[in-house]
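Chemist: Sequence and predicted model, in that order:
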Amino acid sequence: MSLLHVFGFGLKVGHLLWILCCWIASMISMNWFINGEFKNPKAGLLGDSGSKMWFKCWDEISNFSFKIHHQYYQYIGSKKVCKSLWRKLLFPWVIGWTLASVWIFYYMSSHATEKSKETLASMCEERARMLQDQFNVSMNHIQAMSILISTFHHGKTPSAIDQGTFARYTEQTDFERPLTSGVAYAVRVLHSEREQFERQQGWTIKRMDTLETSPIQEEYAPVIFAQDIVSHVVSLDMLSGKEDRENVLRARRSGKGVLTAPFRLLKTNRLGVILTFAVYKRDLPSNATPNERIEATDGYLGGVFDIESLVEKLLQQLSSEQTTLVNVFDTSNQSCPVSMYGSNSSNDGLEHVSHLNFGDPFRKHEMRCRFKQKPPLPWVAITTSIGILVIALLVGHIFHATVNRIAKVEDDCHKMMELTKQAEAADIAKSQFLATVSHEIRTPMNGVLGMLDMLMDTDLDVTQLDYVRTAQASGKALVALINEVLDQAKIESGKLELEEVQFDLRAILDDVLSLFSGKSQDKGVELAVYISDRVPKMLIGDPGRFRQIITNLMGNSIKFTERGHILVTVHLVEEVIDSIEVETESSSKDTLSGFPVADRRQSWKGFRTFGQEEPVHPFSDSINLIVSVEDTGLGIPLDDQSRVFTPFMQVGPSIARTHGGTGIGLSISKCLVGLMKGEIGFVSIPKVGSTFTFTAVFSSGSSSSKVHKSQQINSQSNTVSSEFHGMRALVLDPRPVRAKVSRYHIQRLGIHVEIVSDWKQALSIINRGNNAIHMVLIEQEVWDRDLSCSGLFINKLEKIGHGTPPKVFLLCNSINSSRGNTTTGACDLTIISKPLRASMLAASLQRAMGIGNKGNPRNGELPSLSLRNLLLGRKILIVDDNNVNLKVAAGALKKYGADVVSATRGIEAIELLTPPHQFDACFMDIQMPEMDGFEATGRIRDVEQNINNRVQFGGLPVDAYNNVSNWHVPILAMTADVIQATHEQCQQSGMDGYVSKPFEAEQLYLEVSRFFQ
C-alpha cells in the first residue's frame, strides 16, 4: 500500500512539474506566436504548418498527462481498487516468501554442509599427508639399510655384519623408523648353494606356512638377519609364501620398494604389511633391465609395518582425533577393498576419501574420514528461514492491516463528511427553524403589542387603561421569554455572535434603572448604580448583550429581595486589584441600606484574571471591566449553589410558582460573559443576600481607529449638564456608600458636591459664605429621623444673611413617601425619587430651580419627540404580507406624523420604488410569499443602479427624474427574526438597516436618525 502511495505521490509531483514545464513552454510559444515569429516562415523558427503541428503535439502531450493523472486517481487512488488489489497481491506475497524461505533454508543448509565437507576434507587430508610422510621416512630408512647391507655384508669378505650386529643396529636405529614393527634380511640362495649355506648357518631353510624344511626349488630366500622383535622369522624362506614370493620377485624386478597385501602378523594378529627392497651386488644403472636386476640380486630387506598401531599413533598426535573416525583401506582390488584400520560400521553422514601413496604403484591405498557424530540440524538455516518467513508474514499482515485501517479511516472519513454535511444541513435547518419560529411567534405578538399601544392612545377610562397596560406587560413578558428561549437555542447551536458598537455604558445602566425603578419603589427596595470615574464614557462592544446580562442579574435580585437594597458597581479590574478602599467598601458594616451583605470579594475568588501578573488585556485600547450586583435578598441555599448556572434549573420547585421565570437567564448570562472574554461568579449567604460579579473586555471608544455604529440612548444628559456647570451642592447623608452613589449621579451634571453626615456640618458649610451652596440634597432617612431638627434646619436657612437660600431636595426611596413639592417658609422642599439617574435628576433640578427648559420631558419621552421631528411629513412605504403587521406599522409611523403607503407584495414595492418617486424611506418585511424582501431589495437596487448609470452618462435627462442623479431610497428590514445571520443577509442584499418587531421608539429612532436630519 505504501509503495502504491509513493508511486502515486511521484505521479502527482511529476504531473505538477510537467504542467509547470508545459506552462513555461506554452508561454514562450505564445509570445513567439503573438510577436509574429510563427507567422513569418522566414523569420520564425516554424512556418504555418510547423506551428499547427506544434500546437497539435502540445494538445496531445497535455491530454496524455491528464489521462495519466486521471488514471491514477481513478484506479490507484481509489480505495476500493487499492483494497482489492492488495488482497489479490497478498496471496502471491505469502506464497512467494514461503518459497523464498524454503530456498533460503536449502541454500544455508547446503552452505553449512559444504563448510562441514571442507572441514572434514581438510582434517582428512592432513591425516593422510602425515601418515604418508611418516611412512616415506621409514621407507627411506629401510632403503638406506639395504645399501648398508650391500656394502658391508656382500661387499666385504668376510662379512662385517652378523645377526648380533644387525640386531643391535636395528634396535638402536628403531626411533628413525617409528612406523616399522621390525626389520629382517633374507639372502638369495640358489638350490646348488643350499647345502653349503645350511652348513654355514647351522640351520635348515624352512617354509613360512608350516615351518618345515623347505622343499627343493630353484632358489630360496631364507632370513639370515632379523631385528630381535621379529627374530622368529630367521631361517624362514620368503619365497615359500605366495604373497611374499610375489612381493620379493616384484621388488628385484622393479628395483623399488613393494608392499604386500594386508595380512595378520604372526604374534600380534594385527593387520600389517611388509615393505620389501631388493639388495643388489653392485650398482645398477637407472635403466637396467629386469633380468639384469634379477641376476644382480643378492638378497631382500623387508620392514614389517603394523598399520593399526601406525594410525593410532598418528591420531594421538592430533588434538581433533576424537571428533573424526578414520579408516584405511587397501583398494588394489576395487571390487573387494581390504580394511587395514578402523571399523566397518556404516555412517550415513559426511565422508571424505584421501588417497595414500606409499611408493608402490601396484598397491593402492586410501584413507576414509567421517565425523564420529551425525551432523546437527542446521539451526541457523532453520531459524533464519523461519524468521524471514515470519517477518514477511508480519509485513504482509501489517500491510493488510494498514490497508484495512486506511480503508476504514477513509470510510470513517467519508461517513464523517456525510455526518458533517448532515450536521450542517441540520444546523441550517435549525437556524431556519429558529428564524421561522421567531418570525411566526413574534409576528402575532407584534400585532398584539402594536394594537395595544395604539389602543392606549385612544380615550380610555382608568379601568380600561389598567387592563390595556396589564395586557401589554404580559405581552412584553412573553416576548422576553421567547427571546430567552431563542437565545438559549442559539447558544447551543453556536450561532450567537456579538456586535461591535460604540455605546455609553452609563446611559445603558440608567436605562436598566428606569426599567426596574417601578418595581423597586413598590417594594421599598433601594436601587442604585455606581460607576467608577476611571471607566471611559464610550466603549465599543455589544450594548444589547451587556444590557441583557445586567437585566438578568438585576431582575433576579428584584424578584428575591424584599428589603434593603440592590447595588450595581462598575470598576476597572486593575482598580479593584490596586484599591483597598474598593475592596472593603461593601462590608457588612458599611452598605447602601445598612443591611449586611455577602462579601463580594469571594465572588471573584476563582477568576483567572486576578491570578495573572498583568490582568489588563494585552491590547492597548482594551478595557477590562468588573461588574458586581449585590442584594440583600433571600440568598441561595448552599445545596443549590452548584447548579445556579445550569439551564432550566431553579433553586426550588416553588420558585417558578412564587417568582416566575424559566431558569435560563443565568446560563445565558454566563455564555454571554464568556463571549465577552470574561468570567462570572457569585457568593451567596442564605437570609443575608447574594453578590454576582462578572468581568468583560471592551475596546475604548475614544482610542479606536475603527468606524463603529454609535448607540445613542439617554444622551440628553449631555445637553443639560452645561446648565449646572459651576454650581455647588451639599449632600446630607450619614452612610458613606449611599452618599458616594448620590455624589456620582450629581457630578455627572457638572455640579461640585460636598458630603456631610449631620445637620451641624451642613449649616457650618452653608454659613461659611466662601462658596455659595446652590442646593442641599437630604436623605429621607435623616429627614424622618428627627422632624424637629429638620424644621430647625429649614428655619436657619431662611435666616442666612448673604445671598439666596439654597434649594432643598429630599431624596426618597419609596413612592408612598413622595409628597410632591412642599413649602416650608421661604424654602421649597422638592422630592426626588430614587433610583437616581442623570436624566431624571436633571429634569427635577431644572423644574425646581427654574433653569433650562422647564417643560423638559421625563425620561423615556425624548425618543418619541425626536421621532416626531424626524418623521413629520415624511412619505414612507411599508411592505408586508400580513395585514395586522401593516396596520401596526402604519399606526406606529402615523403616530409620529409620517405619511404612510402600504403594499403587500414585493412586486408592488418594486413598481412603487422605481424612480422617479416621492418616497423618503421604505420598511420592508423579509419573509413574504412569491418574492421575499431580500430579492425585492436586490431588484430595487439594480433598477436604481441602472438609472443612475444612464443618467450619469447622459442616457437619460436628469429633469425627468426630479433632478436627482443618484437614486438610493433607504430600505429598512422589518422582521420578527432575531438571527444574526439574517442581519448579515440584509446588509448583503443592499438594505440600509434592521428593525425588529414589534417597533420600539428607541430602536426606531436609532435607525431613522441615520437618514433623516
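Modeler: Received it, and whenever you're ready, just let me know what you need. These numbers were taken from a predicted model, which means no experiment stands behind them.
Chemist: since we're on Trp379, how many residues are nearby?
Modeler: Using other CB atoms under 10 Å as the criterion, Trp379 is surrounded by 9 other residues. Where you see a C-beta, it was placed from the backbone N, CA and C, and this is true even at glycine.
Chemist: That one and Thr98, how far apart?
Modeler: Trp379 sits 20 Å away from Thr98 when distances are taken as CB to CB, to the nearest Å.
Chemist: Give the buried residues for the host helix or strand of Ser667.
Modeler: Secondary structure from DSSP states H and E places Ser667 in helix 665-675. Along helix 665-675, these residues count as buried under the neighbour rule (16 or more other CB atoms under 10 Å): 665-673.
Chemist: Next, the distance between the ends of stretch 746-763.
Modeler: From its first residue to its last, stretch 746-763 covers 20 Å (CA to CA, to the nearest Å).
Chemist: ok, residues contacting that stretch?
Modeler: When contacts are defined by CB atoms under 8 Å, 6 or more residues apart in numbering, stretch 746-763 is touched by residues 506, 717, 720-722, 724-734, 739-740, 742-743, 765, 774-777, 782, 789, 792-793, 796, 838, 841-842, 845.
Chemist: Low-confidence bits of the stretch 901-1013 of the chain, can you list those?
Modeler: Judged against pLDDT under 70, the low-scoring parts of the stretch 901-1013 of the chain cover residues 976-983, 997-1003, 1013.
Chemist: Next, please give the residue ranges for the helices of it.
Modeler: 906-912, 933-952, 980-989, 1001-1008 (DSSP state H, counting those that start in this stretch).
Chemist: Can you tell me which of the ones you listed is most buried?
Modeler: Each of these was assessed for mean neighbour count using mean count of other CB atoms under 10 Å. The highest is helix 1001-1008, with a mean of 20.
Chemist: Any regions of the stretch 151-300 of the chain where pLDDT drops low?
Modeler: For the stretch 151-300 of the chain, applying pLDDT under 70 flags the ranges 266-267, 282.
Chemist: Next: the stretch 651-800 of the chain.
Modeler: Per-residue confidence of the stretch 651-800 of the chain (counting by pLDDT under 70) places the weak regions at 651-663, 702-722, 769-770.
Chemist: mind listing the helices for it?
Modeler: Secondary structure of the stretch 651-800 of the chain, counting by DSSP H, counting those that start in this stretch: helices at 653-659, 665-675, 717-721, 736-747, 759-768, 780-785, 787-798.
Chemist: One more: the stretch 351-500 of the chain?
Modeler: Taking DSSP H, counting those that start in this stretch as the criterion, the stretch 351-500 of the chain carries its helices at 379-456, 462-493.
Chemist: Name the residues of the last one that are buried.
Modeler: Okay, so that is helix 462-493. When burial is assessed from 16+ other CB under 10 Å, helix 462-493 yields the following buried residues: 468, 472, 475, 479, 482-491.
Chemist: which one of those is nearest Ile685?
Modeler: Nearest to Ile685 out of the buried residues of helix 462-493 is Glu484 (CB to CB; 27.6 Å).
Chemist: So which elements touch the longest strand that the chain contains?
Modeler: Scanning the chain for the longest strand, with DSSP state E as the assignment, gives strand 689-700. Counting contacts by 3 or more CB pairs under 8 Å, 6 or more residues apart in numbering; DSSP states H and E, strand 689-700 is packed against strand 538-541, helix 543-560, strand 622-631, helix 665-675, strand 680-685.
Chemist: out of the ones you listed, which comes closest to Phe305?
Modeler: Of all the helices and strands packed on strand 689-700, it is helix 665-675 that lies closest to Phe305, at 112.4 Å by CB to CB.
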